[in-house]
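S.K.: Sequence and predicted structure are below.
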Amino acid sequence: MQIQTSAIHALRDLEHRAVVPPVHLASTFALDPATDGGDFAYQRPSNPTRAQLETVLATLEGSAHAFAYASGMAATAAALSTFTAGDEILLPASVYGGTYRFVDRVLPGRGVTGRYVDHLDDLTDADFTPATRAVFVETPANPTLRITDLRRVIELAHRHDALVIVDNTFMTPVLQKPLELGADVVVQSATKYLAGHSDLLAGVVTTNDDRLAEAYRLSQQAEGGVLAPQDSFRLIQSLKTLPLRLERQQANAQAITEHLREHEDIAAVWFPGSHSEHEARLHASQANGPGAVLSFELAEGLDRVAFLEALRFPAYAVSLGGVESLICRPATMTHEAMTPQARAAAGISDEMLRLSVGIEDLQDLLGDLDQGFAAARPR
Ligand SMILES: Cc1ncc(COP(=O)(O)O)c(C=O)c1O
């Protein structure tokens, strides 16, 4: 089955033949008194609706296991909570700001250290110490859209007995499947493309490793940061249009990128592969497309605030991946938790704007951006 078909037909209601799965809201389930057994006992460890969502997520990823959490950060936290005192994790300098916050403020209390590398493609054997237990990767990176060679990092990390955890939020399994390349764990903020309508907070962890799966099952049971049944149902429904939405978002984003690259009002545009020929080739070798996020900087002399105020369609808001276009300023919004030095090292300037392209009609988006540039020019 191809991915758009799987997104729609991964589930079958054999009992009633309903084409939409039922929602089970029960917090508790009656057990068989003779055995104290049953398929489900209590909503937190597992429930039928979340289990159905997890089946769809595992089908799309092609993974043995999938776990649904109450947010992308709950999923990332679960993936980073299998490490213990004395362990070290390597991360790229431009990691998502929330992950940075967790690594910087929560993990040290557990004796776990996060060590930042300016760009993971510069990683060598010398970066690994006996304490290095994992490499956390985001490719394309947010918001610089720099590319990391997944195969190389996986080979290097495994040689040092370290796990590779990939945050695949920007790509989704439609465009990139890190587990197939050998990564150990994939985390995603389902709040973004998977849910796709800016109306749901959710996260996913997928893996083929049975031992890690046991740890994530324990995190759902013991910590309880799980996705509720109604949200699980809504995510099942949203996933049905994921490949279709992404196709349109990506086509729009590619056309906008071309428009901005030629534009006199734009100083720079960043997209997957824009940094070098090498990164373009790498991305093409490990992903099926550039996705639908790009970053840019206005030309000198243009008024950023006037531009943002003039925009009619992209809301000036954090987040991405929805059917509606959004624009944000990473330095003061998504990546505000990083120090100015860390932002500079990651290549995130104060003027950089990140655009998440939606499914609106392209002509409307292009026209809106152009009238924004005109409003931003010096008078
Ligand atoms: C790349 C990436 N990872 C993780 C997260 C965290 O997800 P959530 O906001 O669903 O907790 C985000 C949210 O912006 C993100 O962009």
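M.R.: Happy to help now that I have it.
S.K.: Next, the contact list for residue 242, please.
M.R.: Taking Cβ atoms under 8 Å, 6 or more residues apart in numbering, we find residue 242 in contact with 7, 60, 172, 174, 193, 194, 196. All C-beta spots, glycine's among them, are computed from the backbone N, C-alpha and C.
S.K.: mind listing the helices for the stretch 101-250 of the chain?
M.R.: 150-159, 172-175, 210-223, 229-239, 242-261 (DSSP state H, counting those that start in this stretch).
S.K.: Need those in a markdown table (columns: mean pLDDT and distance to the ligand).
M.R.: Listed next are those as a markdown table, based on pLDDT from 0 to 100; distance: least, Cβ to the nearest ligand atom, whole Å:
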| stretch | mean pLDDT | distance to the ligand |
| --- | --- | --- |
| helix 150-159 | 98 | 15 |
| helix 172-175 | 98 | 11 |
| helix 210-223 | 98 | 15 |
| helix 229-239 | 98 | 12 |
| helix 242-261 | 98 | 15 |
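S.K.: what's the burial count for the residue nearest to residue 303 when sequence neighbours are not counted?
M.R.: In space, and not counting its chain neighbours, residue 303 is closest to residue 376: 4.7 Å by Cβ to Cβ, 6 or more residues apart in numbering. For residue 376, the neighbour count with other Cβ atoms under 10 Å is 20.
S.K.: residue contacts, residue 376?
M.R.: Counted by Cβ under 8 Å, 6+ apart, residue 376 has contacts 265, 298, 302, 303, 304, 306, 307, 310.
S.K.: try it again with 10 Å
M.R.: 265, 298-299, 301-310 (Cβ atoms under 10 Å, 6 or more residues apart in numbering).
S.K.: hang on, the earlier thing: next, format the contacts of residue 242 as JSON lines and append neighbour count.
M.R.: Listed next are these as JSON lines, based on neighbours: other Cβ atoms under 10 Å:
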{"residue": "7", "neighbour count": "22"}
{"residue": "60", "neighbour count": "23"}
{"residue": "172", "neighbour count": "27"}
{"residue": "174", "neighbour count": "23"}
{"residue": "193", "neighbour count": "29"}
{"residue": "194", "neighbour count": "28"}
{"residue": "196", "neighbour count": "26"}
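S.K.: Please enumerate the strands of the chain.
M.R.: 65-69, 88-92, 113-117, 132-138, 163-167, 185-189, 203-207, 266-270, 293-298, 315-316, 326-328, 353-356 (DSSP state E).
S.K.: pLDDT on the shortest one, on average?
M.R.: Taken as a whole, strand 315-316 has an average pLDDT of 98.
S.K.: Tell me the helices and strands packed up against it.
M.R.: If you count contacts as 3 or more Cβ pairs under 10 Å, 6 or more residues apart in numbering; DSSP states H and E, strand 315-316 packs onto helix 304-310, strand 326-328.
S.K.: contacting residues around the first one?
M.R.: Yep, that's helix 304-310 we're talking about. 265, 297-298, 303, 314-316, 327-329, 350-351, 353, 368-369, 371-379.
S.K.: Equivalent analysis for the shortest one, please.
M.R.: By Cβ under 10 Å, 6+ apart, the residues outside strand 326-328 that reach it are 143, 198, 293, 295-296, 307-308, 311, 313-320, 333-335, 352-358, 369, 372.
S.K.: Would you mind listing which of those are buried?
M.R.: 143, 198, 293, 295-296, 307-308, 311, 313-315, 319-320, 333-335, 352-358, 369, 372 (16 or more other Cβ atoms under 10 Å).
S.K.: Any figure for the gap between residue 324 and residue 361?
M.R.: 13 Å (Cβ to Cβ, to the nearest Å).
S.K.: any residues in contact with both of those two?
M.R.: By Cβ under 10 Å, 6+ apart, residue 324 and residue 361 have these common neighbours: residue 313.
S.K.: In terms of neighbours, single out the busier of the two.
M.R.: residue 324 (16 against 11).
S.K.: mind listing what the closest residue to the ligand within the stretch 101-250 of the chain touches?
M.R.: Closest residue of the stretch 101-250 of the chain to the ligand, Cβ to the nearest ligand atom: residue 189 (3.0 Å). Counting by Cβ under 10 Å, 6+ apart, residue 189 touches 69, 71-76, 96, 98, 167-170, 195, 201-204, 319-321.
S.K.: Nice, that's everything, thank you.
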